[in-house]
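> attaching a predicted model along with its sequence, questions to come.
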Amino acid sequence: MNRPDLSSVDLDAFRTIMGSLTSGVSVVTGLDQEGNPCGMTSSAVCSVSADPPLLLTCVKPPSRTLDAIQARGCFVVNFLDAEGSEFSDLFASRTRDKFARVGWRPSEVVGAPLLDRTVAYAECTVHDRVEAGDHVIVLGRIVSGAVAPERFPLGYWRGRYVRVFRVASGVPRRSQDRQE
Ligand SMILES: Cc1cc2nc3c(=O)[nH]c(=O)nc-3n(C[C@H](O)[C@H](O)[C@H](O)COP(=O)(O)O)c2cc1C
C-alpha cells in the first residue's frame, strides 16, 4: 500500500499556500534600551485567548524590534487602516528614521509608539516567548487599547495589499453587532 508523503513542502509551496490566507497588516512597535522608538510590519498577528487577553505576533530574528520587545517586556500592535500601505512599506524597510516620516505618539500605558493610521491598537506586556522554526512567537497580554470604529482595515493577500469590505448579508443588524 502507498504511504502518504509526509516530508515538508518546499519554500515556494509554503509561500503560495500561506500567502492565500488573507491577513490584516500591523506595525509592532517598541522602545529600545536607549528609549528610541522602533517598529516593524507584521502580517503574522492573531488573537489567542480571551481570559487572559492574549495575542501573538511572529518575528523573524534578527530584528531590532524583537530585541526591543524582549529588553523592555512590552510592545504595541498597531492594526493599520485602509490608507496605511505606505506605513506598512516604511516599517518593512531598513529606513533608519522611520518615526520621522509618520505621525505617532507614545502610548499611555507602555509608552511604545501609537501610529496615526490604525483601526485599533493593543498595548501589551510580554506573556511568553516561544521559538518556532525560523521565527519567534511573542505572546502579548493586552493591558490597554482602543478602536477607531469608522475606519476600515488594510489587508494582505498573495503578496498584495487589499481592501476589506463588509459583506451585505441578510443578517439582522443586532446579531451582526454581536459578532463584531
Ligand atoms: C506585509 C508585510 C508583512 C510582514 N510580516 C512580517 C511578520 O509577520 N514577521 C516578520 O518577522 N517580518 C515580517 N515582515 C518583514 C518585516 O517587517 C521587516 O523584516 C522589518 O524590516 C523588520 O524590522 P526590524 O528588523 O527593524 O525589527 C513583513 C513585511 C511586510 C511588507
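Here it is on my side, so go on.
> now do the helices in this structure.
11-19, 64-72, 85-91, 173-179 (DSSP state H).
> contacting residues for the residue most central in space within the chain?
The chain has residue 26 as the residue nearest its centroid, 3.5 Å off, counting by Cα atoms, centre = their mean. If you count contacts by Cβ atoms under 8 Å, 6 or more residues apart in numbering, residue 26 has them with 41-43, 45, 57, 77-80. C-beta coordinates here come from the backbone N, C-alpha and C atoms, glycine included.
> export the residues you listed to TSV and tack on distance to the ligand and neighbour count?
Formatted as TSV, the contacts of residue 26 follow (distance: Cβ to the nearest ligand atom, whole Å; neighbours: other Cβ atoms under 10 Å):
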residue	distance to the ligand	neighbour count
41	4	20
42	4	24
43	4	21
45	7	21
57	7	24
77	11	25
78	13	30
79	13	23
80	9	27
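> inside strands: which ones of those residues?
Counted as lying in strands by DSSP state E, out of these, are 41-42, 45, 57, 77-80.
> the longest strand seen in the chain packs against which elements?
Longest strand in the chain, counting residues (DSSP E): strand 118-132. When contacts are defined as 3 or more Cβ pairs under 8 Å, 6 or more residues apart in numbering; DSSP states H and E, strand 118-132 packs onto strand 54-59, helix 64-72, strand 74-80, strand 135-147.
> ok, 6 Å please
strand 74-80, strand 135-147 (3 or more Cβ pairs under 6 Å, 6 or more residues apart in numbering; DSSP states H and E).
> so which bits of this structure are right by the ligand?
The chain comes close to the ligand at residues 25, 38, 40-44, 58-60, 63-65, 88, 91-92, 156, as judged by Cβ under 6 Å from any ligand atom.
> give me the pLDDT value at the residue nearest to the centre of the chain.
Model confidence at residue 26, given as pLDDT, is 98.
> what residues are bridge-paired with it?
residue 42, residue 79 (DSSP bridges).
> please renumber the chain so that the first residue is 25 from this point on.
Fine by me, first position is 25 from now on; the one you just mentioned is residue 50.
> okay, now the unreliable bits of this structure?
Along the chain, the model assigns pLDDT under 70 to residues 25, 194-204.
> strand partners of the longest strand of the chain, parallel vs antiparallel please.
strand 98-104 (antiparallel), strand 159-171 (antiparallel).
> any chance of those in CSV, with distance to residue 55 too?
Shown next, in CSV, are those (distance: least, Cβ to Cβ, whole Å):
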stretch, distance to residue 55
strand 98-104, 8
strand 159-171, 15
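> for those, which one ends up most surrounded?
strand 98-104 (a mean of 26; mean count of other Cβ atoms under 10 Å).
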